[in-house]
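*Asks:* All I have is the shape, not the residue letters:
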């Protein structure tokens with residue numbers, strides 16, 4: 001008995017309909033408790049699902065129109081022996097305002113702190129109690145874009161497997177080591193032990209990013225410490241860093257949001273290290 005024949009983008013794709021049990025199990029993953037208990041989470045959107053298929057995936061649920069439009073994705077899933085099933089809607093599975101018609105059940109990808117920092121990291125991001133899912137996901141995406149070696153989410157941060165966080169990463173959650181649930185002190189100590197300089201980004205920093213760039217300080221291994229969206233870095237947390245750095249602004253904006261500040265700091269550091 002042979003498996004399904006790969007389809008082209010213009011061909012109808014014969015797929016089984018998702019069972020009630022498959023849908024019930026997938027919908028449970030909208031709850032953090034269930035994600036933690038099973039080590040599974042939902043991945044939404046074609047690009048993120050494509051990236052998820054490079055690793056362990058239990059199931060792809062797809063609407064008929066999306067199966068026609070993304071036949072390559074269905075083919076990839078079949079090649080990797082991942083079951084694909086049709087659904088009439090993504091109710092309870094997708095949280096986007098305009099769902100893109102495909103969701104996967106993937107295995108969680110976080111690793112322990114030692115494993116994440118094992119290979120002489122040059123650029124790391126530490127998110128200290130970052131609570132907004134969109135910001136957390138965007139920081140992970142920026143870290144991926146600028147070649148960071150790992151992202152560390154300290155205890156008290158948002159669940160990185162929250163649907164909004166995963167969607168904001170656009171697949172980047174599968175590209176670099178992710179650490180969750182460690183204390184800030186433990187994360188900073190581990191980075192110091194690997195010879196990294198820890199820089200805290202804060203609007204009240206005592207040195208600006210341009211100064212550090214000109215001095216050559218950013219060319220060494222750096223871990224960027226990013227604080228909470230609402231209250232930033234408490235004094236005790238900022239004191240764990242080697243230096244508190246501000247991003248210079250020449251316009252009239254009062255401040256930068258977390259993910260924008262992270263993008264600027266990561267790009268500037270990555271560019272300096274590559275020189």
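*Replies:* Yes, it's here. Please read all numbers here as calculations on a predicted model, not as lab measurements.
*Asks:* for stretch 42-59, what is the average pLDDT?
*Replies:* The predicted model assigns stretch 42-59 a mean pLDDT of 95.
*Asks:* List the buried residues for that stretch?
*Replies:* 42-46, 48-53, 57, 59 (16 or more other C-beta atoms under 10 Å). (C-beta placed from N, C-alpha, C; glycine too.)
*Asks:* same question, stretch 267-275
*Replies:* By neighbour count on 16+ other C-beta under 10 Å, the buried set for stretch 267-275 is 268, 269, 270, 272, 273.
*Asks:* so which of those would you say is closest to residue 69?
*Replies:* The closest of the buried residues of stretch 267-275 to residue 69 turns out to be residue 270 (C-beta to C-beta; 34.6 Å).
*Asks:* Now do the same contact list for the residue most central in space within the chain.
*Replies:* The structure's the chain has its C-alpha centroid closest to residue 173; by C-alpha atoms, centre = their mean the separation is 3.5 Å. With contact taken as C-beta atoms under 8 Å, 6 or more residues apart in numbering, residue 173 is in contact with 48, 109, 137, 140, 160, 165, 166.
*Asks:* Looking at the protein, which helix is longest?
*Replies:* helix 258-274 (DSSP state H).
*Asks:* elements contacting that helix?
*Replies:* Applying 3 or more C-beta pairs under 8 Å, 6 or more residues apart in numbering; DSSP states H and E, one finds that helix 258-274 makes contact with strand 123-127, helix 133-145, strand 197-201, helix 209-215, strand 222-226.
*Asks:* now the helices for the protein?
*Replies:* Under DSSP H, the chain gives helices at 20-28, 32-38, 46-52, 64-69, 71-79, 113-116, 133-145, 163-169, 184-193, 209-215, 235-238, 258-274.
*Asks:* any chance of these in JSON lines, plus distance to residue 90?
*Replies:* Supplementary listing: the helices of the chain in JSON lines, determined by distance: least, C-beta to C-beta, whole Å:
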{"stretch": "helix 20-28", "distance to residue 90": "10"}
{"stretch": "helix 32-38", "distance to residue 90": "17"}
{"stretch": "helix 46-52", "distance to residue 90": "12"}
{"stretch": "helix 64-69", "distance to residue 90": "9"}
{"stretch": "helix 71-79", "distance to residue 90": "15"}
{"stretch": "helix 113-116", "distance to residue 90": "32"}
{"stretch": "helix 133-145", "distance to residue 90": "18"}
{"stretch": "helix 163-169", "distance to residue 90": "11"}
{"stretch": "helix 184-193", "distance to residue 90": "36"}
{"stretch": "helix 209-215", "distance to residue 90": "42"}
{"stretch": "helix 235-238", "distance to residue 90": "39"}
{"stretch": "helix 258-274", "distance to residue 90": "26"}
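*Asks:* Name all residues that make contact with residue 112.
*Replies:* For residue 112, the residues meeting the contact criterion (C-beta under 8 Å, 6+ apart) are residue 179.
*Asks:* whoops, residue 190 was the one
*Replies:* Contacts here follow C-beta under 8 Å, 6+ apart; on that basis residue 190 touches 113, 114, 117.
*Asks:* ok, now how distant is it from residue 262?
*Replies:* When C-beta to C-beta, to the nearest Å is the yardstick, residue 190 and residue 262 sit 20 Å from each other.
*Asks:* returning to what we had before: tabulate the buried residues of stretch 42-59 (CSV), appending distance to residue 251.
*Replies:* Formatted as CSV, the buried residues of stretch 42-59 follow (distance: C-beta to C-beta, whole Å):
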residue, distance to residue 251
42, 39
43, 37
44, 35
45, 34
46, 37
48, 34
49, 39
50, 38
51, 36
52, 39
53, 43
57, 44
59, 48
